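Q: after the sequence you'll find the predicted model.
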Amino acid sequence: MDEEHRENFFIELLKFALLAAVIVVPVRLFVAEPFIVSGASMVPTFQDGQYLIIDELTYHFGAPQRGDVIVFRYPKQPSEFFIKRIIGLPGDTVEVTAQGLSVAEQNGTTVDFPEPYIVNHGNGPVQNYTVPEGDYFVMGDNRPESSDSRVWGDVPRANIIGRVFLRLLPVQSIGYLPGAAVEPK
């Protein structure tokens, strides 16, 4: 390769790298973030080692919803990230019993909370939790193996990174909004 072609090649390569950085960096910082599941707290919905993409944009335009699977900074150690399902919204009262969950909204309406994704039941002792404004009550889908709001309290809105948007690995489990639950009416 002569000197002129080599110089053009490196200039084109530099332009490509710069363009890729201009596109990829903002997407990675503000729109989507990769996350690898670690642990058994969300089994069978998510398995240890699965590779997920987290949607960081949606909650800038609307509040998290009951049933959403979210990734957040652990309130007791913000450098750690957890994945759980939102059960209680701000102002809700969540009643946890051996038979399941009951959620009373701030206006007094009781929401039946069917959980077809739960395979391994075991909610622990009967307890009531009132979710403060600005916080969310979260639980893992594998109740006996989950350290969640029943143990360490609610998740402040500021700690929520985003909702699970895509499952990319393993390939046979690829899916859009995996683990999505339809909120009961």
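A: Great, that's in hand.
Q: tell me where the model's unsure across the chain.
A: Within the chain, the ranges that satisfy pLDDT under 70 run 1-6, 20-32, 120, 122, 181-185.
Q: which ones are touching the most centrally placed residue in it?
A: The centroid of the chain falls nearest to I70 when counting by CA atoms, centre = their mean (1.6 Å). Neighbour list for I70: 64, 83-86, 136, 138, 160-164 [criterion: CB atoms under 8 Å, 6 or more residues apart in numbering]. C-beta: built from backbone N, CA, C; applies to glycine.
Q: check which helix or strand it maps to.
A: strand 69-73 (DSSP states H and E).
Q: can you give the domain ranges for this protein?
A: As assigned by automatic domain parsing, the chain contains the domains 1-30, 35-176.
Q: buried deepest among those domains, which one?
A: Across the domains of the chain, averaging neighbours per residue (mean count of other CB atoms under 10 Å) puts domain 35-176 on top, at a mean of 17.
Q: just the terminal-to-terminal distance for that one.
A: With CA to CA, to the nearest Å as the measure, domain 35-176 spans 15 Å from end to end.
Q: next one: stretch 37-52
A: Start-to-end, stretch 37-52 (CA to CA) is 8 Å.
Q: now stretch 139-154
A: 10 Å.
Q: same deal with stretch 100-114?
A: Start-to-end, stretch 100-114 (CA to CA) is 8 Å.
Q: other residues contacting that stretch?
A: 66, 87-95, 115, 123, 183-184.
Q: reformat those residues as a markdown table; add secondary structure and distance to V171.
A: Converted to a markdown table, these look like this (DSSP: H, G, I helix; E, B strand; the rest coil; distance: CB to CB, whole Å):
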| residue | secondary structure | distance to V171 |
| --- | --- | --- |
| R66 | coil | 31 |
| I87 | strand | 31 |
| G88 | strand | 35 |
| L89 | coil | 35 |
| P90 | coil | 38 |
| G91 | coil | 41 |
| D92 | coil | 38 |
| T93 | strand | 42 |
| V94 | strand | 36 |
| E95 | strand | 40 |
| E115 | coil | 27 |
| N123 | coil | 34 |
| E183 | coil | 30 |
| P184 | coil | 32 |
